[in-house]
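[1] coordinates only, sequence not included:
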């Protein structure tokens with residue numbers, strides 16, 4: 001029989017891995033081909049003991065022999081709760097080689113965002129955005145990778161990696177097209193949490209090819225390995241029994257053969273029946289028994305090492321196991337000889353378990369009560385070393401509940417530290433554990449409130465329960481109670497319980513006397529009603545809001561919030577633009593957002609500044625609107641908030657460009673917004689904002705097929721969200737349907753837009769432009785209604801009083817007329833829109849006027865404007881008329 005043998009230099013654990021090693025060599029060759037080559041991902045999957053770690057070690061050897069830089073890290077079963085643990089390990093070689101000022105220079109703007117997560121910078125005072133931190137880590141590694149090309153990143157036991165690292169790894173793996181890096185990931189199948197498994201599948205998908213799955217050794221390979229280890233005289237029955245006992249598991253095979261050799265057992269058929277018992281001593285209970293044979297001190301040493309899991313130094317283990325230094329050193333040597341511990345390879349002489357299977361078996365063998373007690377001691381050791389509550393929290397999570405007020409405070413502090421570096425899941429675990437202690441009665445409600453804040457975006461339904469329980473308990477009074485009520489209303493909104501959100505703040509406001517707290521609650525109530533008027537509106541709301549705002553001078557943020565809400569409501573209703581601007585201006589401090597009402601201030605949220613900017617945008621105050629939108633974008637980018645907040649900022653910057661008539665720039669911003677929104681999740685209001693504005697912009701550009709493709713791809717169709725989307729999505733979709741020739745469907749959609757606008761009381765013809773498009777669509781089929789609609793558009797436009805609204809109303813009227821009346825109306829539209837900041841509408845009016853008046857000069861002016869706007873459809877229309885030339889003057 002032919003035996004399968006590995007390469008001569010390969011260790012025993014690499015038998016029958018020729019195909020896998022060939023795959024490794026191919027990807028390393030591709031990496032080393034040049035800096036311009038694309039990056040790649042290699043995923044190695046195999047059961048425990050199948051040689052993943054050995055294959056990674058050989059990958060390192062091959063890569064380093066080719067001149068590659070190799071960074072490596074591994075997950076740990078007891079370390080999954082430590083955020084950013086694995087990515088910190090991975091980057092240690094690069095970070096340790098840089099002076100602090102060099103690290104800041106390399107990471108640039110990302111230093112303050114990713115630095116705290118990597119442990120190289122102190123966190124700021126504000127809670128970090130998890131998506132921003134993830135993006136910062138991606139950017140940091142990309143920059144370091146360019147310095148250290150050719151670079152190989154290796155992650156072992158990725159199924160045990162912390163979720164923060166896996167989010168980074170998934171994002172990084174998807175961005176290797178322009179970065180020459182090799183990422184090698186080894187994992188077991190089926191041992192990850194559902195969320196970790198999803199992220200690992202994303203990594204595997206980035207590999208673009210089949211996952212490398214390791215299989216057990218064949219009987220032939222096992223026989224070859226047995227004879228290579230014990231000698232050629234090992235007979236066939238003995239070799240078959242080795243395979244039967246180990247199941248072809250490479251690690252178990254190597255360990256069993258080492259024990260056979262140590263015991264000087266004769267490798268023949270007569271001793272084959274002893275192999276099963278010998279193998280049992282290497283795993284589970286057998287390993288524990290073997291450990292006990294080494295003595296109580298060695299056992300305690302091994303237990304302490306298993307509790308620590310990482311950074312296993314003899315000195316630290318001695319403290320945890322209460323051993324004298326010389327005794328600890330002797331135990332370390334015993335455990336090395338027994339192949340339980342080995343040197344980690346670090347310069348500081350740290351130890352590690354020979355295999356994760358051994359670490360798991362030792363950890364599980366610690367008596368429960370002793371295990372929790374040792375975690376408590378370990379937490380104290382970490383705290384005493386000055387590493388902080390967050391570093392100690394993985395041990396605190398394992399301590400048995402015991403009404404310990406100090407432990408509750410440590411866990412609360414750990415949660416705060418986790419939030420500051422962008423690890424809300426870790427914060428949630430700490431606070432959930434604090435509740436089990438339990439907290440003292442006077443603190444209990446505050447812990448629930450903090451937990452509710454930590455889970456708001458990830459689990460709004462749980463947040464609701466936490467906050468409702470907190471508010472029903474003593475301990476939240478004054479401003480803390482108001483904070484909790486507002487946070488509860490936010491959670492209810494995120495959970496689509498719109499009416500209850502409004503009623504919650506309304507009921508709390510009724511409990512308060514006149515003053516800042518009541519004003520603040522009323523402002524939140526009106527905010528939710530303003531954003532969700534079709535769902536949570538109440539009769540007389542606008543009148544009550546106007547009366548309340550009339551008393552406000554803008555002396556504090558509660559009054560400023562009410563002024564913003566009044567301005568936005570008046571804008572949506574189509575009231576006087578001059579009065580709207582005056583109300584909005586009163587909400588500013590020296591022309592800027594007031595402290596506490598900024599884009600990253602969490603007390604009020606981003607809704608208010610967005611409302612303020614949009615009130616300006618749809619009343620022709622585009623300079624002010626664009627300044628606020630651009631400020632939002634700069635603020636979120638510098639703060640590292642690259643999730644939903646940044647997506648919205650790009651969407652509204654795009655809206656500003658669209659209103660201004662910079663259609664190319666609008667499309668670029670909106671596509672970036674949509675890309676970011678995709679990462680957050682479809683169906684959210686920010687997703688609708690990006691999609692609606694992109695479709696509107698593409699229609700303005702004349703890219704009708706592309707607009708339809710975007711609408712189809714991203715679900716821009718009923719049912720619409722209950723929140724306000726700017727501009728009105730029904731009006732935009734109605735215009736889209738008309739543009740693609742589905743006239744009847746377009747008319748029906750615009751009729752639906754009319755009804756929805758009436759329910760909400762929204763009559764701003766620029767924000768909700770359904771009537772002008774419907775009038776044009778009905779011009780032939782129902783000219784009477786079309787004329788009525790045009791008259792109504794003109795009435796609402798004059799009430800609003802902006803050049804854009806009146807000019808657009810005149811364009812609509814001109815489209816329904818013929819002859820000189822059409823020419824006169826078109827000329828009036830041009831006059832108004834020339835004074836408007838909205839250059840696309842001006843360009844459209846110029847082209848329409850040129851066609852109506854048969855004027856070459858006006859068509860050329862319109863053509864030039866259309867080109868500058870990027871309105872390709874208008875350009876083509878003007879060219880066609882000019883080229884035919886019939887009847888032109």
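    Okay, I see it. This structure is a prediction, so every number in the text was calculated from the model and none was measured.

[2] what helix or strand is the nearest residue to residue 258 once chain neighbours are set aside located in?
    Leaving aside its sequence neighbours, residue 258 sits nearest to residue 339 (CB to CB, 6 or more residues apart in numbering; 6.9 Å). Any C-beta I mention is one placed from the backbone N, CA and C, and that applies to glycine too. Taking DSSP states H and E as the definition, residue 339 sits outside all helices and strands.

[3] tell me the pLDDT of the residue lying farthest from the centre of the chain.
    Computed with CA atoms, centre = their mean, the residue of the chain farthest from its C-alpha average is residue 270, at 61.8 Å. If you check residue 270, the pLDDT there is 81.

[4] next one: the one 5 residues further on
    pLDDT, residue 275: 88.

[5] kindly report the same for residue 347.
    On the pLDDT scale, residue 347 gets 60.

[6] circling back to that earlier point, show me the contacts for the residue farthest from the centre of the chain.
    Contact analysis of residue 270 by CB atoms under 8 Å, 6 or more residues apart in numbering lists nothing.

[7] neighbours of residue 208, how many?
    Residue 208 has 10 neighbouring residues, counting by other CB atoms under 10 Å.

[8] and it, how far from residue 27?
    11 Å (CB to CB, to the nearest Å).

[9] got it, and residue 547?
    According to CB to CB, residue 547 stands 70 Å off from residue 27.

[10] same thing with residue 737?
    Distance from residue 737 to residue 27, by CB to CB: 49 Å.

[11] and for residue 241?
    38 Å.

[12] and if you look at residue 549?
    To residue 27, residue 549 is 64 Å away according to CB to CB.

[13] now swap in residue 829 and tell me
    63 Å.

[14] looking at residue 549 and residue 27, which has the bigger crowd around it?
    residue 549 (24 against 21).

[15] wait, a helix at that one?
    Yes - assessed with DSSP: H, G, I helix; E, B strand; the rest coil, residue 549 lies in a helix.

[16] against residue 674, how distant is it?
    Counting by CB to CB - residue 549 and residue 674 are separated by 35 Å.

[17] in the stretch 251-400 of the chain, which spans are helices?
    Assignment of helices within the stretch 251-400 of the chain using DSSP state H, counting those that start in this stretch yields the ranges 275-280, 284-293, 296-308, 314-321, 325-337, 356-365, 368-384, 389-396.

[18] and of those helices, who's closest to residue 566?
    helix 389-396 (43.7 Å; CB to CB).

[19] where are the low-confidence patches of the protein?
    1-13, 281-286, 345-349, 457, 533-539, 683, 887 (pLDDT under 70).

[20] now the residue nearest the centre of it, nearest residue through space, not along the chain?
    Centroid-nearest residue in the chain, with CA atoms, centre = their mean: residue 131, separated by 3.7 Å. Leaving aside its chain neighbours, residue 131 sits nearest to residue 643 (3.4 Å; criterion: CB to CB, 6+ apart).

[21] report the separation between the one you found and residue 796.
    Applying CB to CB, the value for residue 643 to residue 796 is 37 Å.

[22] repeat for residue 239
    Residue 239 is 91 Å from residue 796, by CB to CB.

[23] repeat that for residue 641.
    Plainly put, residue 641 is 37 Å away from residue 796 if you go by CB to CB.

[24] ok, now residue 303?
    Residue 303 is 78 Å from residue 796, by CB to CB.

[25] compare those two and say which is more crowded by neighbours.
    Neighbour count, other CB under 10 Å: between residue 303 and residue 796, residue 303 has more, with 22 against 19.

[26] my guess is the more buried one contacts residue 374, does it?
    Yes - taking CB atoms under 8 Å as the definition, residue 303 is a contact partner of residue 374 at 6.8 Å.

[27] which residues do those two both contact?
    Both residue 303 and residue 374 are in contact with residue 366, where contact means CB under 8 Å, 6+ apart.

[28] got the contact list for the closest residue to residue 330 other than its chain neighbours?
    Nearest non-adjacent residue to residue 330, counting by CB to CB, 6+ apart: residue 297, 7.7 Å away. By CB under 8 Å, 6+ apart, the contact set of residue 297 is 321, 323, 327, 330, 331.

[29] show the contacting residues for the third one.
    In other words, residue 327. Contacts of residue 327 by CB under 8 Å, 6+ apart are 297, 318.

[30] look up how far residue 385 lies from it.
    Noted for residue 327: a distance of 22 Å to residue 385, by CB to CB.

[31] and for residue 594?
    43 Å.

[32] cool, residue 792 as well?
    Distance of residue 792 to residue 385, computed by CB to CB: 74 Å.

[33] give me the more crowded residue out of those two.
    residue 792 (17 against 11).

[34] now stretch 204-221: buried residues?
    Neighbour-count burial for stretch 204-221 flags 204, 206, 207, 211, 212, 214, 216, 217, 219, 220, 221 (criterion: 16 or more other CB atoms under 10 Å).

[35] ugh, wrong one, I meant stretch 718-738
    In stretch 718-738, counting by 16+ other CB under 10 Å, buried: 720-721, 723-738.

[36] what about the strands in the stretch 501-650 of the chain?
    Taking DSSP state E, counting those that start in this stretch as the criterion, the stretch 501-650 of the chain carries no strands.

[37] try the chain
    Along the chain, counting by DSSP state E, strands occupy 40-45, 69-74, 151-156, 181-187, 212-213, 341-343, 351-353.

[38] ok, how many other residues are close to residue 745?
    Applying other CB under 10 Å, I find that residue 745 has 15 neighbouring residues.

[39] settle this for me: it is touching residue 737, isn't it.
    Yes - contact status for residue 745 versus residue 737: in contact at 4.7 Å, counting by CB under 8 Å.

[40] look up how far residue 309 lies from residue 91.
    19 Å.

[41] now residue 763: how far from residue 567?
    Residue 763 is 16 Å from residue 567, by CB to CB.

[42] and if you look at residue 841?
    23 Å.

[43] by neighbour count, which of the contacts of residue 297 wins?
    Among the contacts of residue 297, the one with the most neighbours (other CB under 10 Å) is residue 331, at 27 neighbours.

[44] dump the residue contacts of it.
    So residue 331 contacts 294, 295, 297, 298, 300, 301, 302, 323 (CB under 8 Å, 6+ apart).

[45] mind giving me the ChimeraX command for buried ones among those?
    Here is the ChimeraX command that selects the buried residues among the contacts of residue 331 (16+ other CB under 10 Å):
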select :294,297,298,300,301,302,323
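
[46] any chance of TSV for the contacts of residue 331, columns distance to residue 476?
    Formatted as TSV, the contacts of residue 331 follow (distance: CB to CB, whole Å):
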residue	distance to residue 476
294	55
295	55
297	51
298	52
300	46
301	48
302	47
323	47
